[in-house]
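[1] Build me a model:
(one chain, ligands or ions: 1)
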Amino acid sequence: MGALLTATGICKHYRVGRERVHAVHDVSLRIDRGECVGLVGESGCGKSTVAGIVTSLIQADAGRVLLEGRDISAGSGRRRNVCTAIQMVFQSPADSFNPRLTLGDSIIEGLINQGIAKQEARNLTLEYLGLCGLPKTFADRYPHQVSGGECQRASIARAIAVQPKLLICDEATSALDVTIQAQIIDLIAKLRRELSMSCLLISHDIALIWEICDRVMIMCEGEIIEDGIPSDIISHPKQEYTRSLIEAAFLSSAWGGCCS
Ligand SMILES: Nc1ncnc2c1ncn2[C@@H]1O[C@H](COP(=O)(O)OP(=O)(O)OP(=O)(O)O)[C@@H](O)[C@H]1O
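    A predicted model of the protein is given here:
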């Protein structure tokens with residue numbers, strides 16, 4: 001398939017007053033063209049920080065991120081290109097839309113920013129809303145006039161409308177109820193097949209995403225501790241932490257253990 005994105009030796013700490021929080025330590029990862037990769041770990045293990053560094057929203061202390069071989073690390077001056085090539089879908093879709101704009105206008109705005117003419121942007125918006133299972137009339141609704149699941153469909157439509165090379169979904173289903181979670185995962189799986197897009201799915205719940213991922217990386221306390229084919233990881237976890245993550249996800253048991 002060939003590498004789309006590679007990150008090498010990523011480190012990040014935050015300062016909170018006099019405290020130093022080590023969020024990510026020496027993380028390296030690779031996402032191939034057309035590949036769907038899961039990044040799984042419990043809350044606070046550093047998943048969103050990795051996503052922020054990959055999208056150049058967060059500057060790493062060390063390490064490099066390459067997109068198609070070009071350095072896109074924050075500060076490398078290539079952020080503008082990254083905005084289009086890597087799109088993110090977040091946990092709270094309503095918060096990611098401007099409440100004063102209709103969903104359609106928000107999507108159109110992004111397309112116009114890419115240099116697309118207004119009428120073409122309108123047509124594309126309706127097309128992508130349709131692809132995400134929303135009727136055309138939803139283009140005229142405001143974020144507060146749709147359900148959480150519908151709003152997440154619209155935010156996915158907005159993300160894919162600019163034809164990104166990589167779609168990152170950061171806990172994109174966590175705020176939704178179980179049935180809607182499954183529908184959104186099915187939608188991502190469908191879009192990924194139809195658009196041959198690379199995806200990074202970030203979740204604390206391996207049970208939710210493993211079926212649509214080609215590969216899953218397990219993250220614990222700022223490090224990637226396991227990386228492999230989902231069925232292998234689920235049937236033969238190498239780390240005790242991974243085992244407890246799987247048990248928690250599939251058996252709804254309490255968290256236990258950590259990195260071995
Ligand atoms: N801006 C910040 N300032 C200080 N500490 C931060 C900041 N952002 C994250 N952290 C800390 O860095 C660590 C990693 O956070 P991060 O949000 O990357 O984890 P996560 O796995 O994505 O968690 P969640 O699944 O809950 O979103 C945590 O200990 C968190 O408290």
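[2] dump the residue contacts of Ile108.
    Ile108 makes contact with 118, 121-122, 125 under the criterion C-beta atoms under 8 Å, 6 or more residues apart in numbering. The C-beta positions use only the backbone N, C-alpha and C, and glycine is treated the same way.
[3] part of a strand, is it?
    No. The assignment for Ile108 is helix, going by DSSP: H, G, I helix; E, B strand; the rest coil, so no strand is present there.
[4] picking that back up, in the contacts of Ile108, find the pair that's most separated.
    Comparing every pair within those by C-beta to C-beta identifies Lys118 and Thr125 as the most remote, at 10.4 Å.
[5] the more surrounded of these two?
    For Lys118 versus Thr125, neighbours defined as other C-beta atoms under 10 Å are more numerous around Thr125 (26 against 10).
[6] Could you find the closest non-adjacent residue to the more buried one?
    If you skip the residues right next to it in sequence, Thr125 has Ile107 as its closest partner in space, 4.4 Å away by C-beta to C-beta, 6 or more residues apart in numbering.
[7] hang on, isn't that neighbour packed against Ala159?
    No. Applying C-beta atoms under 8 Å as the test, Ile107 and Ala159 come out as separate, 9.4 Å apart.
[8] who's in contact with whatever residue of the stretch 151-260 of the chain ends up closest to the ligand?
    Across the stretch 151-260 of the chain, the shortest distance to the ligand (C-beta to the nearest ligand atom) belongs to His204, at 5.5 Å. His204 makes contact with 40-43, 47, 171, 174, according to C-beta under 8 Å, 6+ apart.
[9] which of those come close to the ligand?
    With C-beta under 6 Å from any ligand atom as the criterion, these include 41, 43, 47, 171 near the ligand.
[10] residues from this structure in reach of the ligand?
    14, 16, 21, 23, 41, 43-49, 171, 204.
[11] try 5 Å this time
    14, 16, 21, 23, 43-49 (C-beta under 5 Å from any ligand atom).
[12] Tell me which residues are up against the longest helix seen in the chain.
    The helix that spans the most residues within the chain, counting by DSSP state H, is helix 178-195. Under the contact criterion C-beta under 8 Å, 6+ apart, helix 178-195 has outside partners 36, 131-133, 147-149, 152-153, 156, 160, 163, 167, 169, 172-173, 176, 197, 199, 201, 208-209, 211-212.
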